[in-house]
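**Q** Model the structure of this input:
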Amino acid sequence: MPSTLHKAPLAQAALAALLALHAAGACAAEQVVKIGVSGPLSGANAFAGKDNENGVRLAVEELNAQKLQVGGNTIRFELQSEDDAGDPKQGVTVAQKFADAKVKFVLGPYNSGVAIPASRVYNDNGILMSTVGTNPKITQAGYPTVFRIVASDTQVGGSVAAYAAKELKVKNIGVIDDRGAFGQGVAMEFKRQAQANGIRIAGHEYTNDKATDFAAILTTLKARRVDAVFFGGYAPQAAPMARQMKALGLNVPLLGGDTLCSPEMAKLGGAAVGENVRCAQAGAIVAKQPGGQAFIDAYKARFKRDPDVYAPSFYDQTKFIAQAMKTANSLDAAKVGAAMHAISYQGVVGTYGYDPKGNLKKTTVTVYTFKNGALTPLASY
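**A** From the prediction side, this is the model:
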């Protein structure tokens, strides 16, 4: 019979082993999920890229505080943000970098021209991509894990055209685009639907996303007596365009898509950006939505600035991905994507639900202007 002198050390050793095993189990119970963000963190649109990243970061921090359980593990999200510089080649490089790092969920890209080629890389590597790129080509491939989290060019262009015809009574309009995937796409949709609303296209001029001098094309449109100008492009070009319109005495509304609905327009355009600018942005008015003001307050408290155009959408989609993980009880991107096609999510911008190609089934588009430098809603469609 063993001596009782040996029992205590044996019991202590067993207890130590049990505690070590428990500690190892506790460590194994936490699972890291990488969330990638691809956007322009340098260049003229860096303000938008950082805003998008902030929206994801806020969602990630809130989700981590909730200690979500998926597949029996506690999930901890880690943000990995990469600069695609708004350049298609760089966007593809970023996509491959995420694939190599085993990132399975990516928010972005911001630019349609980046999202179109990058989407193939993400699809081929089993990565779920959520973009605000509005060009219809992004979802035409029908990749099952590619989602457009805002209205498409078709929806935005149609809303601006309807507003121009019904509210502004525009009869003769000039169109300018920057020849990029977004700018050209939204301009073509606007033209098509403007003509359907009885508006005459007086001329279609072209520029690029690095231009700063628009005097020649604006002078051409002024000579054609346009009563409005539609610009397909981004705020860093639209703001100086508004200043130059004013300087040339072309005192007509400057219309555009969601990229003009940015505080950057007022910042860069100064007094030349006011009620003369009308832009359309996907989603309802955030401050008037359930949870919308709470999001704005949380964003300002965290980042010491107001959210820009897409921070709420990126925030919502990150939360939707987390909900889909719980619904699927899986971290597999294909299963999470399938869940997102099957369920809906109420976010701060509105309700998210996707058709088989990854487009929103239903979305409100709101037309805005600027008053005293602040974005002000006019009408929703």
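**Q** Every contact and neighbour count from this point should use C-alpha atoms.
**A** OK.
**Q** now the strands for the stretch 101-250 of the chain?
**A** With strands called from DSSP state E, counting those that start in this stretch, the stretch 101-250 of the chain shows them at 105-107, 128-131, 146-148, 172-177, 200-206, 228-232.
**Q** same for the fifth one, what does it pack against?
**A** Here strand 200-206 touches strand 172-177, helix 181-196, helix 215-223, going by 3 or more C-alpha pairs under 8 Å, 6 or more residues apart in numbering; DSSP states H and E.
**Q** Go again with 10 Å.
**A** On a contact count with 3 or more C-alpha pairs under 10 Å, 6 or more residues apart in numbering; DSSP states H and E, strand 200-206 meets strand 172-177, helix 181-196, helix 215-223, strand 228-232.
**Q** ditto for the second one
**A** Packed against strand 128-131 by the contact rule (3+ C-alpha pairs under 10 Å, 6+ apart) you find strand 30-39, strand 105-107, helix 112-124, strand 146-148, helix 311-328, helix 333-342.
**Q** ok, that strand: who's next to it in the sheet?
**A** strand 105-107 (parallel), strand 146-148 (parallel) (DSSP bridges).
**Q** And for the fifth one?
**A** The strands that strand 200-206 pairs with in its sheet are strand 172-177 (parallel) (by DSSP bridges).
**Q** picking that back up, let's have the strands paired with strand 128-131 in CSV, adding distance to Asp177, mean neighbour count and mean pLDDT.
**A** Shown next, in CSV, are the strands paired with strand 128-131 (distance: least, C-alpha to C-alpha, whole Å; neighbours: other C-alpha atoms under 10 Å; pLDDT from 0 to 100):
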stretch, distance to Asp177, mean neighbour count, mean pLDDT
strand 105-107, 26, 25, 98
strand 146-148, 22, 26, 98
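**Q** And those strands: which comes nearest Asn73?
**A** strand 105-107 (18.0 Å; C-alpha to C-alpha).
**Q** which other residues reach that closest one?
**A** 33-39, 52-53, 56, 79-81, 95, 98-99, 122, 126-132, 145-147, 149, 314-315, 317-318, 321, 331-333, 336-337 (C-alpha atoms under 10 Å, 6 or more residues apart in numbering).
**Q** Surely Thr363 touches Arg148?
**A** No - the criterion here is C-alpha atoms under 10 Å, and Thr363 misses it with Arg148 at 11.3 Å.
**Q** Spit out the residues that contact those two alike.
**A** Joint contacts of Thr363 and Arg148 (C-alpha under 10 Å, 6+ apart) do not exist.
**Q** Next, count neighbours for Val309.
**A** Other residues lying near Val309 total 20 when counted by other C-alpha atoms under 10 Å.
**Q** Then the one 10 residues further on?
**A** The criterion is other C-alpha under 10 Å. On that basis, Lys319 has 20 neighbouring residues.
**Q** Ok, Gly43 next?
**A** 12.
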